[in-house]
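Student: here's a sequence, model it:
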Amino acid sequence: MLGSKRPVFKPTAYGHTRRKRRIPRWLVLMITGMVLGAGGLLFIQKSYGPPMLTVEQSQQLHDELNSVKSENQRLQSRISIAEREREESLTEVSAIRSRQERHDSIVTALEKDIQLFANAMPADPRGTSPGIRAAEFINQDGQLNYNILLMQDSNDAPEFKGTMTFNVKGRYPNRRTGHVDLDPIEIQLGRYVHAQGAIALPDGMTATQVTIQVYPEGSERAAAMRIINVR
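Tutor: This next block holds a predicted model:
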């Protein structure tokens, strides 16, 4: 009996033993892959991706974005106002251009009319150029009002510069008759000039007749002369 071995107990067909359960291999591989993937993603994001913002930085970025949006809206509003003002300016310029064109057409028509009247004006009785084509004098409130048309014969005549003088014959309040020379008037004309104005008469004189004389610049010889009765 000392040399005999005790038979090992084996379960019968009706018995069972408890086996250890192991995690499936596919589940281990899946979990391992997920862990490696998450770790790799974190590594790439930390190494090569943009830095993570703190709460304060995120709020600051949000505020700056809102500020940029507000500034953009303000600039857009100013652009809209500028575009509206531009359209109004273009409309006004168009209206001004139309008025200018009408004005130019009126001026052209008037120039033609004036040229026609100029050609029809009676010549200076002395036949001079420039000539005193028309003149009118009126006594009013101690002054001598005058309207004088001086003309040259041709549109191509050189510009005339000189002075015009009045030698006035009149009566004083004591009924005495006298003559007085008034201050010379500077004149300048191309084809024509309409000189008008008023000159004070001395000592209450009432003019009855005026001798007009026109002198070229730098000359003492009259280029035109005419005697006009005063109304």
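Student: low pLDDT regions in the chain?
Tutor: Residue ranges of the chain with pLDDT under 70: 1-21, 41-42, 44-53.
Student: where does the record place the domain boundaries for it?
Tutor: Following automatic domain parsing, one gets these domains for the chain: 60-120, 131-229.
Student: deepest-packed of those domains, please.
Tutor: domain 131-229 (a mean of 15; mean count of other C-beta atoms under 10 Å). (Each C-beta comes from the backbone N, C-alpha and C, glycine too.)
Student: can you pull out the helices in this structure?
Tutor: Along the chain, counting by DSSP state H, helices occupy 25-48, 55-120.
Student: in JSON lines: those helices, plus distance to R171.
Tutor: Shown next, in JSON lines, are those (distance: least, C-beta to C-beta, whole Å):
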{"stretch": "helix 25-48", "distance to R171": "115"}
{"stretch": "helix 55-120", "distance to R171": "36"}
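Student: V210 is nearest to which of those?
Tutor: Of all these, helix 55-120 sits nearest to V210, with 23.6 Å by C-beta to C-beta.
Student: and that closest one, what does it pack onto?
Tutor: For helix 55-120, there is no helix or strand it packs on, judged by 3 or more C-beta pairs under 8 Å, 6 or more residues apart in numbering; DSSP states H and E.
Student: list the contacts of F160.
Tutor: By C-beta atoms under 8 Å, 6 or more residues apart in numbering, F160 lies in contact with 130, 152, 187-190, 216, 223.
Student: hmm, 6 Å instead?
Tutor: Taking C-beta atoms under 6 Å, 6 or more residues apart in numbering as the criterion, F160 is in contact with 130, 189.
Student: ok, P130 touching Q152?
Tutor: Yes: taking C-beta atoms under 6 Å as the definition, P130 is a contact partner of Q152 at 4.8 Å.
Student: give me the distance between the two termini of stretch 177-187.
Tutor: 30 Å (C-alpha to C-alpha, to the nearest Å).
Student: residues in contact with that stretch: which ones?
Tutor: Stretch 177-187 is touched from outside by 162-169, 171, 199, 202, with contacts defined as C-beta under 6 Å, 6+ apart.
Student: separation between I185 and P158?
Tutor: 21 Å (C-beta to C-beta, to the nearest Å).
Student: brain fart, N147
Tutor: 25 Å.
Student: and S58, by the same measure?
Tutor: With C-beta to C-beta as the criterion, S58 and P158 are 86 Å apart.
Student: centre-most residue in the chain?
Tutor: Centre of the chain computed as the mean C-alpha position; nearest residue by C-alpha atoms, centre = their mean is S89, 8.2 Å away.
Student: if I look at it, how far off is Q100?
Tutor: With C-beta to C-beta as the criterion, S89 and Q100 are 16 Å apart.
Student: same question for T206.
Tutor: For T206 relative to Q100 (C-beta to C-beta), the value is 48 Å.
Student: mind listing what V230 touches?
Tutor: V230 makes contact with 137, 207-208 under the criterion C-beta under 6 Å, 6+ apart.
Student: among those, which are in strands?
Tutor: 137, 207-208 (DSSP state E).
Student: could I get those in CSV, plus columns for distance to D104?
Tutor: Converted to CSV, those look like this (distance: C-beta to C-beta, whole Å):
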residue, distance to D104
F137, 36
A207, 42
T208, 46
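Student: so which of those is the closest to L29?
Tutor: F137 (126.8 Å).
Student: roughly how far apart are the nearest residue in space to the closest one that is not next to it in sequence and A207?
Tutor: Among residues not flanking F137 along the chain, V230 sits closest, at 4.3 Å (C-beta to C-beta, 6 or more residues apart in numbering). In this view, V230 and A207 are 4 Å apart by C-beta to C-beta.
Student: I appreciate the help and will end here.
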